[in-house]
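Engineer: Just need the structure, nothing else, for what follows:
(one chain, ligands or ions: 1)
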Amino acid sequence: MDFDILIIGSGVVGSGLAIKVSKLGYKVAIVDSKESLPNSFRHLSLNQKSKAFLNEIDTWERIKNSAFAYKQIKVWDQEGTGFIDFNAKEAKLPNLGYIIREGEIQKNLIDQFEENNIENFWGETVEKINHFNDKISCETNKKSITAKLIVGCDGMNSKVRELSKIDFRSWSYNQTAIVANFKTDANDSCIKQTFTSIGPLALLPISDCESTLIWSIDDDVSYKFISMSDEDFTEEVVNKFGEHIGKFEMTSKRQSFSLNHLSAKTFSKDGVFLVGDSAHHIHPLAGLGLNAGIGDVVCLANLIKENGLEDLEKISSTYNRKRIPINLGLAASMEAFKRGFGQKNIWVKLFRNTAFNIANKMSPLKKKFMELATEL
Ligand SMILES: Cc1cc2nc3c(=O)[nH]c(=O)nc-3n(C[C@H](O)[C@H](O)[C@H](O)COP(=O)(O)OP(=O)(O)OC[C@H]3O[C@@H](n4cnc5c(N)ncnc54)[C@H](O)[C@@H]3O)c2cc1C
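Structural biologist: Numbers count the residues shown, from 1 in each chain. Just a heads-up that it's a prediction; the model follows:
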(Lines give C-alpha, C1' and ligand atoms only; values in the text may rest on other atoms or scores of the structure.)
Protein backbone atom coordinates (compact mmCIF):
# COMPACT_ATOMS: atom_id res chain seq x y z
CA MET A 1 0.00 0.00 0.00
CA ASP A 2 1.45 3.30 -1.04
CA PHE A 3 0.60 6.80 0.22
CA ASP A 4 2.06 10.30 0.08
CA ILE A 5 1.85 10.85 3.83
CA LEU A 6 1.55 8.25 6.58
CA ILE A 7 0.53 9.44 10.04
CA ILE A 8 1.01 7.27 13.13
CA GLY A 9 -1.41 8.16 15.94
CA SER A 10 -4.98 9.43 15.68
CA GLY A 11 -5.10 11.76 18.69
CA VAL A 12 -6.29 15.32 18.04
CA VAL A 13 -2.86 16.20 16.62
CA GLY A 14 -2.59 13.26 14.17
CA SER A 15 -6.24 13.42 13.06
CA GLY A 16 -6.10 17.20 12.58
CA LEU A 17 -2.93 16.89 10.50
CA ALA A 18 -4.44 14.07 8.40
CA ILE A 19 -7.46 16.23 7.48
CA LYS A 20 -5.37 19.32 6.76
CA VAL A 21 -2.88 17.57 4.42
CA SER A 22 -5.59 15.53 2.67
CA LYS A 23 -7.35 18.85 1.90
CA LEU A 24 -4.08 19.92 0.20
CA GLY A 25 -4.60 17.01 -2.20
CA TYR A 26 -2.28 14.36 -0.73
CA LYS A 27 -3.06 10.67 -0.37
CA VAL A 28 -3.06 10.10 3.38
CA ALA A 29 -3.24 7.08 5.72
CA ILE A 30 -3.42 7.01 9.50
CA VAL A 31 -2.53 4.11 11.80
CA ASP A 32 -3.47 3.77 15.46
CA SER A 33 -2.84 0.95 17.91
CA LYS A 34 -6.28 1.46 19.48
CA GLU A 35 -8.85 -1.17 18.45
CA SER A 36 -11.81 1.20 18.80
CA LEU A 37 -12.41 4.91 18.37
CA PRO A 38 -10.83 7.01 21.13
CA ASN A 39 -13.26 8.75 23.47
CA SER A 40 -11.29 10.64 26.09
CA PHE A 41 -13.29 12.13 28.98
CA ARG A 42 -10.62 14.68 29.82
CA HIS A 43 -11.41 18.35 29.18
CA LEU A 44 -8.76 20.58 27.58
CA SER A 45 -8.40 24.28 26.98
CA LEU A 46 -8.01 25.44 23.38
CA ASN A 47 -6.54 28.83 22.54
CA GLN A 48 -7.72 31.10 19.70
CA LYS A 49 -5.08 29.77 17.29
CA SER A 50 -6.20 26.17 17.82
CA LYS A 51 -9.81 27.21 17.31
CA ALA A 52 -8.84 28.96 14.05
CA PHE A 53 -7.15 25.74 12.86
CA LEU A 54 -10.19 23.60 13.72
CA ASN A 55 -12.34 26.13 11.92
CA GLU A 56 -10.13 25.96 8.82
CA ILE A 57 -10.51 22.16 8.59
CA ASP A 58 -14.33 22.40 9.09
CA THR A 59 -14.31 20.80 12.55
CA TRP A 60 -15.14 23.84 14.69
CA GLU A 61 -18.70 24.12 13.33
CA ARG A 62 -19.34 20.53 14.49
CA ILE A 63 -17.99 20.98 18.03
CA LYS A 64 -18.66 24.63 18.84
CA ASN A 65 -21.85 23.89 20.81
CA SER A 66 -19.87 21.66 23.19
CA ALA A 67 -17.14 24.27 23.75
CA PHE A 68 -17.36 26.59 26.76
CA ALA A 69 -15.74 30.00 26.25
CA TYR A 70 -13.61 31.42 29.06
CA LYS A 71 -12.88 35.12 29.37
CA GLN A 72 -10.53 35.32 32.32
CA ILE A 73 -7.69 33.40 34.00
CA LYS A 74 -6.90 34.09 37.66
CA VAL A 75 -3.76 32.61 39.26
CA TRP A 76 -2.87 33.09 42.90
CA ASP A 77 -0.84 31.61 45.69
CA GLN A 78 -2.68 30.92 48.92
CA GLU A 79 0.45 31.11 51.00
CA GLY A 80 1.69 34.51 49.85
CA THR A 81 0.23 37.51 48.14
CA GLY A 82 1.20 36.61 44.54
CA PHE A 83 -1.64 37.21 42.11
CA ILE A 84 -1.91 37.52 38.35
CA ASP A 85 -4.94 37.72 36.10
CA PHE A 86 -5.52 37.80 32.36
CA ASN A 87 -8.75 38.87 30.79
CA ALA A 88 -10.24 39.02 27.33
CA LYS A 89 -11.14 42.73 27.62
CA GLU A 90 -7.52 43.68 28.22
CA ALA A 91 -6.44 41.50 25.28
CA LYS A 92 -9.24 43.06 23.14
CA LEU A 93 -10.59 39.59 22.36
CA PRO A 94 -14.16 38.24 22.69
CA ASN A 95 -12.73 35.47 24.89
CA LEU A 96 -9.37 33.90 25.75
CA GLY A 97 -10.23 30.40 24.58
CA TYR A 98 -12.52 27.40 25.07
CA ILE A 99 -12.77 24.33 27.29
CA ILE A 100 -13.94 21.20 25.54
CA ARG A 101 -13.90 17.43 26.05
CA GLU A 102 -10.98 15.85 24.15
CA GLY A 103 -13.18 12.91 23.03
CA GLU A 104 -15.64 15.32 21.39
CA ILE A 105 -12.86 16.77 19.22
CA GLN A 106 -11.44 13.30 18.43
CA LYS A 107 -14.83 11.91 17.38
CA ASN A 108 -15.63 14.82 15.10
CA LEU A 109 -12.20 14.72 13.48
CA ILE A 110 -12.46 10.98 12.80
CA ASP A 111 -15.98 11.46 11.39
CA GLN A 112 -14.35 13.59 8.67
CA PHE A 113 -11.89 10.88 7.53
CA GLU A 114 -14.21 9.30 4.96
CA GLU A 115 -15.21 12.54 3.23
CA ASN A 116 -11.51 13.47 3.00
CA ASN A 117 -10.50 10.02 1.61
CA ILE A 118 -8.21 9.26 4.56
CA GLU A 119 -7.48 5.54 4.94
CA ASN A 120 -7.44 4.52 8.59
CA PHE A 121 -6.03 1.34 10.10
CA TRP A 122 -7.14 0.72 13.69
CA GLY A 123 -5.55 -1.84 15.99
CA GLU A 124 -2.16 -1.70 14.26
CA THR A 125 1.14 -0.89 15.92
CA VAL A 126 4.28 0.26 14.17
CA GLU A 127 7.11 -2.25 14.36
CA LYS A 128 9.73 -1.21 11.82
CA ILE A 129 10.62 1.82 9.72
CA ASN A 130 12.95 1.35 6.72
CA HIS A 131 14.32 3.90 4.26
CA PHE A 132 14.60 3.35 0.49
CA ASN A 133 15.67 5.90 -2.14
CA ASP A 134 12.66 8.20 -2.17
CA LYS A 135 10.27 6.21 0.04
CA ILE A 136 9.94 5.13 3.62
CA SER A 137 8.34 1.82 4.48
CA CYS A 138 6.53 1.18 7.70
CA GLU A 139 5.83 -2.34 8.94
CA THR A 140 2.89 -2.65 11.31
CA ASN A 141 1.90 -5.88 13.06
CA LYS A 142 -0.49 -6.48 10.10
CA LYS A 143 0.90 -4.95 6.89
CA SER A 144 3.56 -2.97 5.11
CA ILE A 145 2.82 0.63 4.09
CA THR A 146 5.06 2.94 2.06
CA ALA A 147 4.98 6.73 1.98
CA LYS A 148 7.14 9.71 1.02
CA LEU A 149 6.87 11.16 4.49
CA ILE A 150 6.01 9.64 7.89
CA VAL A 151 4.71 11.67 10.81
CA GLY A 152 4.85 10.36 14.38
CA CYS A 153 1.83 11.72 16.27
CA ASP A 154 1.95 8.75 18.60
CA GLY A 155 2.24 10.59 21.89
CA MET A 156 4.81 10.84 24.62
CA ASN A 157 6.05 7.21 24.40
CA SER A 158 6.42 7.47 20.62
CA LYS A 159 7.47 4.28 18.82
CA VAL A 160 8.19 6.33 15.68
CA ARG A 161 10.70 8.40 17.67
CA GLU A 162 12.31 5.23 19.04
CA LEU A 163 12.49 3.44 15.65
CA SER A 164 13.95 6.59 14.04
CA LYS A 165 16.62 6.73 16.77
CA ILE A 166 15.72 10.28 17.69
CA ASP A 167 17.24 11.12 21.04
CA PHE A 168 15.28 13.00 23.72
CA ARG A 169 15.56 14.54 27.18
CA SER A 170 12.99 13.54 29.76
CA TRP A 171 12.48 13.93 33.48
CA SER A 172 9.70 13.51 35.99
CA TYR A 173 7.94 16.57 37.42
CA ASN A 174 7.47 14.39 40.53
CA GLN A 175 3.76 15.17 40.47
CA THR A 176 0.58 13.28 39.49
CA ALA A 177 -2.40 15.14 38.03
CA ILE A 178 -5.81 14.11 39.38
CA VAL A 179 -8.67 15.07 37.08
CA ALA A 180 -12.43 15.02 37.85
CA ASN A 181 -15.60 16.93 37.03
CA PHE A 182 -17.81 18.70 39.58
CA LYS A 183 -21.29 20.18 39.59
CA THR A 184 -20.96 23.76 40.84
CA ASP A 185 -23.00 26.90 41.39
CA ALA A 186 -23.29 29.19 38.35
CA ASN A 187 -19.89 29.56 36.63
CA ASP A 188 -18.35 32.90 35.76
CA SER A 189 -16.34 31.89 32.63
CA CYS A 190 -13.08 32.19 34.55
CA ILE A 191 -10.28 29.61 34.89
CA LYS A 192 -9.07 29.70 38.47
CA GLN A 193 -5.73 28.26 39.49
CA THR A 194 -4.26 28.33 42.95
CA PHE A 195 -0.84 27.06 44.02
CA THR A 196 -1.44 24.92 47.11
CA SER A 197 1.39 23.64 49.30
CA ILE A 198 1.26 20.27 47.43
CA GLY A 199 0.85 21.57 43.85
CA PRO A 200 -1.27 23.66 41.45
CA LEU A 201 -5.03 23.16 41.62
CA ALA A 202 -7.07 24.47 38.67
CA LEU A 203 -10.83 24.71 38.15
CA LEU A 204 -11.95 25.10 34.54
CA PRO A 205 -15.60 25.88 33.70
CA ILE A 206 -17.04 23.36 31.22
CA SER A 207 -20.70 24.46 31.28
CA ASP A 208 -22.88 26.98 33.15
CA CYS A 209 -22.92 24.73 36.22
CA GLU A 210 -20.05 22.24 35.84
CA SER A 211 -16.28 22.54 36.18
CA THR A 212 -13.37 20.22 35.62
CA LEU A 213 -10.58 20.04 38.17
CA ILE A 214 -6.89 19.39 37.49
CA TRP A 215 -4.83 19.08 40.64
CA SER A 216 -1.13 18.31 40.10
CA ILE A 217 -0.08 16.82 43.42
CA ASP A 218 3.47 16.13 44.68
CA ASP A 219 4.24 12.42 44.34
CA ASP A 220 5.10 11.94 48.01
CA VAL A 221 1.42 12.53 48.89
CA SER A 222 -0.45 11.91 45.60
CA TYR A 223 -1.31 8.28 46.36
CA LYS A 224 -3.20 9.38 49.48
CA PHE A 225 -5.38 11.66 47.30
CA ILE A 226 -5.86 9.01 44.58
CA SER A 227 -6.99 6.37 47.07
CA MET A 228 -9.26 8.45 49.36
CA SER A 229 -13.06 8.33 49.00
CA ASP A 230 -14.86 10.78 46.68
CA GLU A 231 -16.33 12.57 49.70
CA ASP A 232 -12.93 13.02 51.38
CA PHE A 233 -11.33 14.14 48.12
CA THR A 234 -14.09 16.71 47.55
CA GLU A 235 -13.61 18.02 51.08
CA GLU A 236 -9.84 18.37 50.50
CA VAL A 237 -10.47 20.36 47.31
CA VAL A 238 -12.94 22.68 49.03
CA ASN A 239 -10.52 23.21 51.94
CA LYS A 240 -7.38 23.68 49.84
CA PHE A 241 -8.95 25.91 47.16
CA GLY A 242 -8.99 28.92 49.46
CA GLU A 243 -11.75 30.83 47.67
CA HIS A 244 -15.40 30.14 48.49
CA ILE A 245 -16.56 27.43 46.03
CA GLY A 246 -20.25 27.08 46.92
CA LYS A 247 -22.04 23.89 45.82
CA PHE A 248 -19.46 21.25 44.82
CA GLU A 249 -20.40 17.69 43.91
CA MET A 250 -18.27 15.17 41.97
CA THR A 251 -19.93 14.01 38.73
CA SER A 252 -17.23 11.82 37.19
CA LYS A 253 -14.67 9.22 38.12
CA ARG A 254 -11.26 10.52 39.14
CA GLN A 255 -8.48 9.93 36.59
CA SER A 256 -4.76 10.29 37.31
CA PHE A 257 -1.78 11.06 35.06
CA SER A 258 1.86 11.00 36.13
CA LEU A 259 3.57 14.14 34.87
CA ASN A 260 6.82 14.13 32.92
CA HIS A 261 8.74 16.52 30.74
CA LEU A 262 9.96 15.37 27.33
CA SER A 263 11.78 17.17 24.59
CA ALA A 264 13.10 15.43 21.44
CA LYS A 265 16.55 16.65 20.37
CA THR A 266 15.33 16.99 16.80
CA PHE A 267 11.72 17.12 15.51
CA SER A 268 12.57 15.61 12.13
CA LYS A 269 15.11 13.28 10.58
CA ASP A 270 15.34 11.49 7.19
CA GLY A 271 11.74 12.11 6.14
CA VAL A 272 10.29 11.28 9.56
CA PHE A 273 8.63 14.13 11.48
CA LEU A 274 7.54 14.30 15.12
CA VAL A 275 4.45 16.35 15.91
CA GLY A 276 2.69 17.00 19.25
CA ASP A 277 3.50 15.00 22.37
CA SER A 278 5.91 12.69 20.50
CA ALA A 279 8.20 15.75 20.11
CA HIS A 280 7.50 17.61 23.36
CA HIS A 281 5.52 17.13 26.54
CA ILE A 282 5.09 19.77 29.25
CA HIS A 283 3.43 20.24 32.62
CA PRO A 284 -0.35 20.82 32.21
CA LEU A 285 -0.41 23.83 34.55
CA ALA A 286 -0.90 26.34 31.71
CA GLY A 287 -3.05 24.03 29.55
CA LEU A 288 -0.83 24.51 26.51
CA GLY A 289 0.39 21.02 25.47
CA LEU A 290 -2.24 20.31 22.83
CA ASN A 291 -2.18 23.92 21.65
CA ALA A 292 1.58 23.60 21.08
CA GLY A 293 0.94 20.33 19.15
CA ILE A 294 -1.63 22.08 16.94
CA GLY A 295 0.99 24.81 16.38
CA ASP A 296 3.33 22.08 15.02
CA VAL A 297 0.53 20.81 12.74
CA VAL A 298 -0.10 24.28 11.28
CA CYS A 299 3.63 24.83 10.70
CA LEU A 300 4.27 21.43 9.04
CA ALA A 301 1.14 21.65 6.86
CA ASN A 302 2.12 25.15 5.67
CA LEU A 303 5.62 23.95 4.80
CA ILE A 304 4.17 21.01 2.82
CA LYS A 305 1.80 23.41 1.06
CA GLU A 306 4.65 25.79 0.12
CA ASN A 307 7.27 23.18 -0.86
CA GLY A 308 5.45 20.01 -1.94
CA LEU A 309 7.01 16.68 -0.94
CA GLU A 310 10.06 16.75 -3.20
CA ASP A 311 12.44 18.77 -1.02
CA LEU A 312 12.01 17.13 2.38
CA GLU A 313 15.38 18.45 3.57
CA LYS A 314 14.12 22.03 3.27
CA ILE A 315 10.88 21.21 5.09
CA SER A 316 12.82 19.39 7.77
CA SER A 317 15.31 22.18 8.50
CA THR A 318 12.62 24.89 8.51
CA TYR A 319 10.29 22.81 10.72
CA ASN A 320 13.12 22.23 13.23
CA ARG A 321 14.16 25.89 13.13
CA LYS A 322 10.62 27.12 13.70
CA ARG A 323 9.21 24.63 16.20
CA ILE A 324 12.12 23.57 18.45
CA PRO A 325 12.80 27.05 19.94
CA ILE A 326 9.09 27.78 20.56
CA ASN A 327 8.60 24.50 22.38
CA LEU A 328 11.85 24.78 24.37
CA GLY A 329 10.84 28.31 25.43
CA LEU A 330 7.44 27.04 26.50
CA ALA A 331 8.96 24.17 28.50
CA ALA A 332 11.40 26.55 30.21
CA SER A 333 8.56 28.93 31.16
CA MET A 334 6.49 26.08 32.62
CA GLU A 335 9.52 24.94 34.60
CA ALA A 336 10.14 28.46 35.94
CA PHE A 337 6.47 28.86 36.86
CA LYS A 338 6.34 25.49 38.58
CA ARG A 339 9.65 25.86 40.41
CA GLY A 340 8.86 29.46 41.39
CA PHE A 341 5.49 28.55 42.88
CA GLY A 342 6.81 25.27 44.31
CA GLN A 343 9.40 27.12 46.38
CA LYS A 344 9.36 26.60 50.14
CA ASN A 345 12.06 29.23 50.80
CA ILE A 346 10.47 32.37 52.27
CA TRP A 347 12.85 34.85 50.50
CA VAL A 348 12.30 33.25 47.11
CA LYS A 349 8.54 33.37 47.79
CA LEU A 350 8.71 37.03 48.67
CA PHE A 351 10.67 37.84 45.49
CA ARG A 352 8.32 35.71 43.40
CA ASN A 353 5.19 37.32 44.82
CA THR A 354 6.57 40.81 44.28
CA ALA A 355 7.55 39.89 40.70
CA PHE A 356 4.09 38.53 39.93
CA ASN A 357 2.34 41.50 41.45
CA ILE A 358 4.51 43.83 39.37
CA ALA A 359 3.86 41.67 36.29
CA ASN A 360 0.14 41.91 36.93
CA LYS A 361 0.33 45.71 36.90
CA MET A 362 2.82 46.15 34.06
CA SER A 363 0.97 45.64 30.83
CA PRO A 364 4.06 44.96 28.54
CA LEU A 365 5.16 42.11 30.80
CA LYS A 366 1.62 40.78 30.97
CA LYS A 367 1.40 41.06 27.20
CA LYS A 368 4.44 38.76 26.99
CA PHE A 369 2.66 36.19 29.19
CA MET A 370 -0.44 36.48 26.99
CA GLU A 371 1.61 35.99 23.82
CA LEU A 372 3.04 32.80 25.28
CA ALA A 373 -0.48 31.47 25.73
CA THR A 374 -1.77 32.46 22.31
CA GLU A 375 1.18 32.56 19.88
CA LEU A 376 2.06 28.88 19.77
C1 LIG B 1 -3.95 16.29 33.10
C2 LIG B 1 -3.66 16.91 31.76
C3 LIG B 1 -4.35 18.04 31.36
C4 LIG B 1 -4.06 18.66 30.15
N5 LIG B 1 -4.73 19.79 29.81
C6 LIG B 1 -4.43 20.41 28.64
C7 LIG B 1 -5.14 21.59 28.25
O8 LIG B 1 -6.03 22.08 28.95
N9 LIG B 1 -4.81 22.17 27.06
C10 LIG B 1 -3.81 21.68 26.26
O11 LIG B 1 -3.54 22.28 25.20
N12 LIG B 1 -3.16 20.55 26.61
C13 LIG B 1 -3.44 19.90 27.76
N14 LIG B 1 -2.79 18.75 28.09
C15 LIG B 1 -1.82 18.16 27.14
C16 LIG B 1 -2.56 17.38 26.03
O17 LIG B 1 -3.42 16.44 26.61
C18 LIG B 1 -1.57 16.68 25.10
O19 LIG B 1 -0.55 17.59 24.75
C20 LIG B 1 -2.26 16.20 23.84
O21 LIG B 1 -3.38 15.40 24.16
C22 LIG B 1 -1.30 15.41 22.97
O23 LIG B 1 -1.96 15.00 21.81
P24 LIG B 1 -1.24 14.03 20.75
O25 LIG B 1 -2.26 13.81 19.66
O26 LIG B 1 0.10 14.55 20.40
O27 LIG B 1 -0.98 12.67 21.54
P28 LIG B 1 -2.04 11.61 22.14
O29 LIG B 1 -3.33 12.26 22.46
O30 LIG B 1 -1.29 10.92 23.23
O31 LIG B 1 -2.33 10.61 20.94
C32 LIG B 1 -1.40 9.62 20.56
C33 LIG B 1 -2.11 8.57 19.71
O34 LIG B 1 -1.13 7.66 19.20
C35 LIG B 1 -1.57 6.32 19.37
N36 LIG B 1 -0.37 5.46 19.48
C37 LIG B 1 0.49 5.40 20.52
N38 LIG B 1 1.48 4.52 20.26
C39 LIG B 1 1.23 4.00 19.03
C40 LIG B 1 1.88 3.05 18.21
N41 LIG B 1 3.03 2.44 18.59
N42 LIG B 1 1.35 2.74 17.00
C43 LIG B 1 0.21 3.35 16.59
N44 LIG B 1 -0.48 4.27 17.34
C45 LIG B 1 0.04 4.59 18.53
C46 LIG B 1 -2.44 6.36 20.63
O47 LIG B 1 -3.35 5.29 20.65
C48 LIG B 1 -3.11 7.72 20.51
O49 LIG B 1 -4.33 7.65 19.81
C50 LIG B 1 -3.06 18.11 29.29
C51 LIG B 1 -2.36 16.96 29.70
C52 LIG B 1 -2.65 16.37 30.92
C53 LIG B 1 -1.88 15.14 31.33
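Engineer: Just want the phi and psi numbers for the residue nearest to Asp4 when sequence neighbours are not counted.
Structural biologist: Here the nearest residue to Asp4 in space, its sequence neighbours aside, is Tyr26; by C-beta to C-beta, 6 or more residues apart in numbering that works out to 4.1 Å. Every C-beta, even on glycine, is put in place using the N, C-alpha and C of the backbone. Backbone geometry at Tyr26, expressed as degrees, to the nearest 10, gives phi -90, psi 150.
Engineer: Tyr26: neighbour count?
Structural biologist: Using other C-beta atoms under 10 Å, Tyr26 has 22 other residues around it.
Engineer: Begin at 444 from now on, thanks
Structural biologist: Taking 444 as the first residue, the last one we looked at is Tyr469.
Engineer: pretty sure it contacts Leu752?
Structural biologist: Yes. The pair Tyr469 / Leu752 is scored as a contact, 7.5 Å apart, by C-beta atoms under 8 Å.
Engineer: residues shared between the contacts of the two?
Structural biologist: Residues touching both Tyr469 and Leu752 (C-beta atoms under 8 Å, 6 or more residues apart in numbering): 447-448.
Engineer: Using the three-state scheme, assign Asn745.
Structural biologist: Look at Asn745: counting by DSSP: H, G, I helix; E, B strand; the rest coil, its state is helix.
Engineer: Could you check how far it is from Phe496?
Structural biologist: For Asn745, the distance to Phe496 equals 11 Å [C-beta to C-beta, to the nearest Å].
Engineer: quick revisit: ok, the residue nearest to Asp447 to Ser632 distance?
Structural biologist: Counting by C-beta to C-beta, the gap from Tyr469 to Ser632 is 39 Å.
Engineer: Just the buried residues of stretch 567-584, please?
Structural biologist: 567, 569, 572, 579-581, 583 (16 or more other C-beta atoms under 10 Å).
Engineer: What is the nearest of those to the ligand?
Structural biologist: Set against the ligand, the nearest of the buried residues of stretch 567-584 by C-beta to the nearest ligand atom is Val569 (4.6 Å).
Engineer: List the contacts of the closest one.
Structural biologist: Counting by C-beta under 8 Å, 6+ apart, Val569 touches 451, 474, 581-583, 597, 602-603, 606.
Engineer: Quick one: residues contacting the closest residue to it other than its chain neighbours.
Structural biologist: Nearest residue to Val569, sequence neighbours excluded (C-beta to C-beta, 6+ apart): Lys602, at 4.9 Å. By C-beta under 8 Å, 6+ apart, Lys602 lies in contact with 451, 568-569, 595.
Engineer: which two from those end up farthest apart in space?
Structural biologist: The most widely separated members of the contacts of Lys602, counting by C-beta to C-beta, are Thr568 and Gly595 (12.6 Å).
Engineer: Output the contacting helices and strands for the strand or helix carrying Glu692.
Structural biologist: Taking DSSP states H and E as the definition, Glu692 sits inside strand 691-693. Where contact means 3 or more C-beta pairs under 8 Å, 6 or more residues apart in numbering; DSSP states H and E, strand 691-693 is packed against strand 611-627, helix 673-684.
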